[in-house]
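[1] based on what follows, work out the 3D shape:
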Amino acid sequence: MLVSEARSLMFSSSQEEHCAPSKDPVEYGELVVLGYNGSLPNGDRGRRKSRFALYKRTKANGVKPSTVHILNTPQASKAVNCKGQHSISYTLSRNHTVVVEYCHDKDTDMFQIGRSTESPIDFVVTDTVAGGQEGGEETPITQSTISRFACRVVCERNPPYTARIYAAGFDSSKNIFLGEKAAKWKNPDGHMDGLTTNGVLVMHPRGGFTEESKPGVWREISVCGDVYTLRETRSAQTPGKLVEHENNVLQDGSLVDLCGATLLWRTAEGLFHTPTQKHLEALRQEINAARPQCPVGLNTLAFPSMQRGRALASLEDKQPWVYLACGHVHGHHNWGHRSEQEPNAQRECPMCRVVGPYVPLWLGCEPAFYVDTGAPTHAFVPCGHVCSEKSVRYWAEIPLPHGTHAFHAACPFCATQLGLTQGWSKLIFQGPVD
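    Below you'll find the model as predicted:
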């Protein structure tokens, strides 16, 4: 199968990036926001969506450092920034600013990510609400911790199309401002660098994005793309230590955390090996064709279709439910309550008498989160999202940033924190009696 054919199977035309210049453009890779099961709860709209494909642009828009200005008055700094060129300003004191001008780079394409809806942002990202997924409305965020111009990805226009990540993005005036309070410094070679308020963290899995991969170490990326150990807290003034042997090149499976949302980077080659939507749909139909039954009601169970499963405002009659502590799959019933306050938190399984949470099962519809093409046999605990065994095992080991200094594993389909003692459950279906 050709790559272009595989891509057309995997994603609908509505998901293709708006800047795609031709019928068969070069794709650098895709950024997929963790916590969404194939689309945003209210649907993808324009630059605000759950995944963003980066294509080679018709005309290069990358920039690279050129002239450095050391300025001693605010007026001089303003004059340089008004020249219409890209620039980064490092304010050291009220009367001392270093401005680094950037000139056009014909060999790179730049893509900017952030919370702002202004035109320089290619991919608008807002805070992910854990568990705010199936059948629910988007929960408004009162105070976002994601920067308006959070980061930029720069891709080389020639093979092997290397993608690099940098903290901070250029605003509508083509400027990046690091104020007096921002962490910034002059490197031994003389060039200025700094960190954004809440930082851009990156983790590269060891061994790529496969079933054999292991979690890497979380690092912080600077404005100029250098790699540092983490600060003591997310917004501390003092930077971590420079990690000289590591770089800012994104790999298949790299995670980028913007303090409020975490993005997964998938290379074009990596996506070629992921299951397609068509494959996931075939697996769903295969499970339903086996006619799994509820051991109590003896009624046939069925996972709703992919598209319907994403848009459901209520559960279907045939929806499978699971006792997470043991993995026995049932239909919905009211047997075995152990708590009046939280009716589904402590339920006794009729099959084995084990007590634990009782939740509906939802198929994982986002192909980019799968590390293999295996059957959906396991569910994340406590949310009930279902995918392959190797995929649940992979994500259950990945510590994702949470808040200002905590890390925990989470379901990639809804961002719910996984159970500390049990992160996933193997599903036990009962076949038809006849």
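[2] name the residues of stretch 230-241 that are buried.
    Residues of stretch 230-241 classed as buried under the neighbour-count rule (16 or more other C-beta atoms under 10 Å) are Leu230, Arg231, Arg234, Ser235, Pro239, Gly240. C-beta coordinates here come from the backbone N, C-alpha and C atoms, glycine included.
[3] out of the residues you listed, the closest to Pro357 would be?
    Lowest distance from Pro357 to those (C-beta to C-beta) belongs to Arg234, with 31.2 Å.
[4] does the closest one really touch Leu258, like I thought?
    No. Using C-beta atoms under 8 Å, Arg234 and Leu258 do not qualify as a contacting pair, with a distance of 11.0 Å.
[5] follow-up on the earlier one: how about the buried residues of stretch 230-241 in a markdown table, adding distance to Ser87 and pLDDT?
    Shown next, in a markdown table, are those (distance: C-beta to C-beta, whole Å; pLDDT from 0 to 100):
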| residue | distance to Ser87 | pLDDT |
| --- | --- | --- |
| Leu230 | 28 | 96 |
| Arg231 | 26 | 94 |
| Arg234 | 27 | 90 |
| Ser235 | 24 | 89 |
| Pro239 | 22 | 95 |
| Gly240 | 26 | 96 |
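[6] could I get the residues you listed as a markdown table with secondary structure?
    Below are the buried residues of stretch 230-241 laid out as a markdown table (DSSP: H, G, I helix; E, B strand; the rest coil):
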| residue | secondary structure |
| --- | --- |
| Leu230 | coil |
| Arg231 | coil |
| Arg234 | coil |
| Ser235 | coil |
| Pro239 | coil |
| Gly240 | coil |
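[7] between those residues, which is nearest Pro320?
    Lowest distance from Pro320 to the buried residues of stretch 230-241 (C-beta to C-beta) belongs to Arg234, with 39.3 Å.
[8] which residues does the closest residue to that closest one other than its chain neighbours contact?
    Closest residue in space to Arg234, ignoring its immediate chain neighbours: Thr404 at 4.1 Å, by C-beta to C-beta, 6 or more residues apart in numbering. Residues near Thr404 by C-beta atoms under 8 Å, 6 or more residues apart in numbering: Asn198, Thr233, Arg234, Ser235, Cys259.
[9] same check, this time on Arg284
    Arg284 makes contact with Phe303, Ser305, Met306, Leu363, Pro376 under the criterion C-beta under 8 Å, 6+ apart.
[10] name the residues contacting each of Arg234 and Leu258.
    Asn198.
[11] low-confidence ranges in the chain?
    Counting by pLDDT under 70, the ranges of the chain that qualify are 1-23, 74-83, 132-142, 307-315, 335-344, 432-434.
[12] now with 80?
    Applying pLDDT under 80 to the chain flags residues 1-24, 73-83, 131-142, 306-317, 334-345, 403-405, 431-434.
[13] all helices for it, in order.
    3-10, 74-81, 268-272, 277-289, 306-311, 389-396 (DSSP state H).
[14] so which bits of stretch 388-397 are buried?
    Judged by neighbour count (16+ other C-beta under 10 Å), stretch 388-397 contains these buried residues: Ser388, Glu389, Lys390, Ser391, Val392, Tyr394, Trp395, Ala396.
[15] what does it contact?
    Contacting residues not belonging to stretch 388-397 are listed as 211, 213-215, 364, 369-380, 409-412, 418, 423-424, 426 [C-beta under 8 Å, 6+ apart].
[16] please indicate which of these are buried?
    The neighbour-count test (16+ other C-beta under 10 Å) marks 213, 215, 364, 369-374, 376-380, 409-412, 418, 423-424 as buried among these.
[17] which members of the contacts of Arg284 are the farthest-apart pair?
    Using C-beta to C-beta, the pair of the contacts of Arg284 lying farthest apart is Ser305 and Pro376, separated by 14.0 Å.
[18] identify the residues contacting stretch 207-217?
    For stretch 207-217, the surrounding residues in contact (C-beta under 8 Å, 6+ apart) are 203-206, 251-253, 266, 270, 371-372, 390, 393-394, 397-399.
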